[in-house]
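Asker: Sequence first, predicted model second:
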Amino acid sequence: MKNSNGGTVASEAFGCRTFSGAVMRNYLPEDVYRKLKLTMERGTPLDPAIAGTVAAGMKKWAMEHGATHYTHWFQPLTGSTAEKHDAFLTPTTDGGAIERFSGDQLVQGEPDASSFPSGGIRETFEARGYTAWDATSPAFIFRTGDTPTLCIPTAFVSWTGEALDHKTPLLRSIQAVSQHALRILRVFGTHVGVSQVITTIGCEQEYFLVDRAFYDRREDLRLCGRTLLGAPAAKGHQLDDHYFGAIPERAMAFMSEVEQRAYELGVPLKTRHNEVAPNQFEFAPVFENANVATDHQMQIMQLLRTAAEHHGLVCLLHEKPFAGINGSGKHNNWSIATDTGVNLLDPREEAHTNMQFLVFLLAVVRAVDLHADLLRAAVASAGNDHRLGANEAPPAIISIYLGDMLSDILAQLEKGAPRATKKGGQLHLGAHTLPQLPRHSGDRNRTSPFAFTGNKFEFRAVGSSQNIAWPNTVLNTIVAESLDHIATQLEKRVGRSAGPARLESAVKGLLRELVRQHKRIVFDGDNYSAEWHAEAARRGLPILKTTADALPALAAKSAVALFEKYGVLTRRELHARVDVNLEKYNRTVGIEARALVSMLKREVLPAALRFQTELGHSVGALQAANVDARETKAQLEYVVDLTGRLHRQIEVVEHAEAHKADSPKTHAEHVRDRLLPAMAEARALSDALEQIIPDDLWPLPRYAEMLFTR
């Protein structure tokens, strides 16, 4: 998707709204353009002297597109994006105004940091924070309605210099991967011409669309993004008839708008299709540099929400909007590549002879085995807890799927030198008019949380509403540690000027050790099966079912040492993220509990009481007419019993929600053990009432309406 100037072909074809490639070249002097391009593509330090010229060109370009304001666009620990708009026009003392956007304004901003989550890094009264221009990610013009604004991707740090965002540690983690991956390339002699090693991401995005009218009538969707009540419809996705089916016309119109606006922003969307659940869909882009891909992913989520409104729809990005219906993930396809375009996780034709590939592969295997608990914690959230392990997504047990070919090579390595690579062969389809298809050497495993899929790893456990920067920061950091370990071992065993034979012997010996030490993390079978859960426990793999179980792993001394060693997060920065995520978990479930109580009191109970009244009148009328009223009376008694139990369960939920624990961690345990089960029981009672209360009395849109209205 890149042209010779470094811009995206798609964006230029559709009226580019990103300051990159040919657009950037048209507004900057050649020498400034080349310096900025080197920073963007090779990660070279930004020359401060060019900031003023870049700012002038960027302002001119933005104003020609109708922008009157600019914003430093950043990603605080809320999980969404943030922006403060400033006008290009600055008042003068004579009552006029001048256009002004200096290099200083481009490079640094100062938003209020007091009201963003900081995990204790900032107190409420300590307001100063800084945004710092990230020149490696293109500035872009985002339209809100008819109003365009110049958005400048930035890092966000406190007055003390500590990271208050997701971008800063992501950039640090990419740098750590590059540093130690380059050491391995030097051992193999394949580093010539390589300035840096990057991680790349192609991130799929699943989502639901619901009619705006239904959304407006449901307090749970408006406040929580998911249904807190709702009996299952007669049909869900049992027939698998929605998956990859013809895209409904209304959804297609929505998708087309998202694609058009994404192309303008340089976001290279490639795939669109129906997902498994009714009214569930997916977009997927091509691979990009992890930092740019993360920024683009946040833009996509914003586009999904805003475009849906134009079509009378609402886009739900929650991991589990509908109980009993397939949830939504964000499959994070991750790889490592040189800045010269070489994918270091591409096995090529004869994988068993590709020692460099096997080194990088085993580095990832080792990283995931040693730090599976950190990867699980990286995707922990209240929403994702409903999805993981629900036989629609990976379980909350981290393991790796490698497939037949690579598992066979690892088995060969463990026994000695690998001698062959399994081939897939050809598929003969039995009809002369159909082509013979080349078959891959291994199948795919949709139940695995971390699967090798040809030339990349697919981290399937990431939640659909999540900012992908954090899980990729954790993944990059643990891989950097593994690359460091392997590079150190190879440098010791190979020496400075070893010949091919010594290099091969050292590499094979180290690979054999890595396979034997870390093969327990590899599992190519059915991750949904009860047998695997028991086997994982026997292997000693961490089984962390909930957010409350998972997040403490990030606060362990070993985790602090890991993130500090590779310069990704300090102890305070890491502990801040643990506290922020625990607080978010607690507050999210607290909001859901209060919304649930509100809906039960104001909507469900009144409907149940009205139904009781109707049944009571029916019983009285039947008895007055000397007609057998036993069945109607039994139904009345059933409704009275459910209603009474629901009354009492509401009090249980309210009491559990009002509980205050000593710390975020202990409160999260209370939420897990008391509040969520109380809410589940209240929902079960409400759903039982919904299944018998007539449509004219039931106040909420039902699942059958929300999921099957196209």
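Answerer: It's in. Residues are numbered from 1 along each chain as shown.
Asker: C-alpha only now, for contacts and for neighbours.
Answerer: OK.
Asker: count of neighbours near Gly120?
Answerer: Using other C-alpha atoms under 10 Å, Gly120 has 14 neighbouring residues.
Asker: Tell me the confidence at it?
Answerer: If you check Gly120, the pLDDT there is 74.
Asker: Is it in contact with Val578, as I believe?
Answerer: No. Contact criterion C-alpha atoms under 8 Å: Gly120 and Val578 do not qualify, at 10.7 Å.
Asker: Just the buried residues of the helix or strand containing Ala534, please?
Answerer: In the assignment (DSSP states H and E), Ala534 maps to helix 530-539. Using 16 or more other C-alpha atoms under 10 Å as the test for burial, helix 530-539 gives His533, Ala536.
Asker: And for that helix, what's in contact with it?
Answerer: Applying C-alpha atoms under 8 Å, 6 or more residues apart in numbering, the external contacts of helix 530-539 come out as Ile397, Arg520, Gly525, Asp526, Asn527, Pro542, Ile543.
Asker: Helix or strand next in line after that helix, which one?
Answerer: Next along from helix 530-539, by DSSP H and E: helix 547-550.
Asker: ok, back up a step: CSV for the contacts of helix 530-539, including secondary structure, distance to Arg446 and neighbour count?
Answerer: What follows is the contacts of helix 530-539, written out as CSV (DSSP: H, G, I helix; E, B strand; the rest coil; distance: C-alpha to C-alpha, whole Å; neighbours: other C-alpha atoms under 10 Å):
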residue, secondary structure, distance to Arg446, neighbour count
Ile397, strand, 14, 26
Arg520, helix, 19, 17
Gly525, coil, 10, 13
Asp526, coil, 9, 15
Asn527, coil, 9, 26
Pro542, coil, 20, 19
Ile543, strand, 19, 18
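Asker: For Leu511, give its distance to Val627.
Answerer: 83 Å (C-alpha to C-alpha, to the nearest Å).
Asker: Have a look at those two and say which one is more surrounded.
Answerer: Leu511 (23 against 11).
Asker: in whichever strand in the chain runs longest, what's buried?
Answerer: In the chain, ranked by residue count with DSSP state E as the criterion, the top strand is strand 147-158. Buried positions in strand 147-158, judged by neighbour count with 16+ other C-alpha under 10 Å: Pro148, Thr149, Leu150, Cys151, Ile152, Pro153, Thr154, Ala155, Phe156, Val157, Ser158.
Asker: Kindly reformat the contacts of helix 530-539 as TSV and extend each row with pLDDT and distance to Tyr703.
Answerer: As requested, the contacts of helix 530-539 are exported to TSV (pLDDT from 0 to 100; distance: C-alpha to C-alpha, whole Å):
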residue	pLDDT	distance to Tyr703
Ile397	93	31
Arg520	96	42
Gly525	90	34
Asp526	90	30
Asn527	90	29
Pro542	95	36
Ile543	94	33
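Asker: Show me what the longest strand of the chain is packed up against.
Answerer: strand 69-73, strand 129-133, strand 140-144, helix 167-188 (3 or more C-alpha pairs under 8 Å, 6 or more residues apart in numbering; DSSP states H and E).
Asker: Can you list the strands that the second one pairs with?
Answerer: For strand 129-133, sheet partners with direction are given as strand 108-109 (antiparallel), strand 147-158 (antiparallel), following DSSP bridges.
Asker: Comparing these, which yields the minimum mean pLDDT?
Answerer: Among the strands paired with strand 129-133, strand 108-109 carries the lowest mean pLDDT (a mean of 90).
Asker: Quick one: residues in contact with it.
Answerer: Contacts of strand 108-109 (C-alpha under 8 Å, 6+ apart): His72, Tyr130, Thr131, Ala132, Trp133.
Asker: right, and the third one touches Glu110 too?
Answerer: Yes. If you go by C-alpha under 8 Å, Thr131 and Glu110 touch, sitting 6.1 Å apart.
Asker: So what's the residue count around Pro694?
Answerer: Number of residues near Pro694 (other C-alpha under 10 Å) recorded here: 13.
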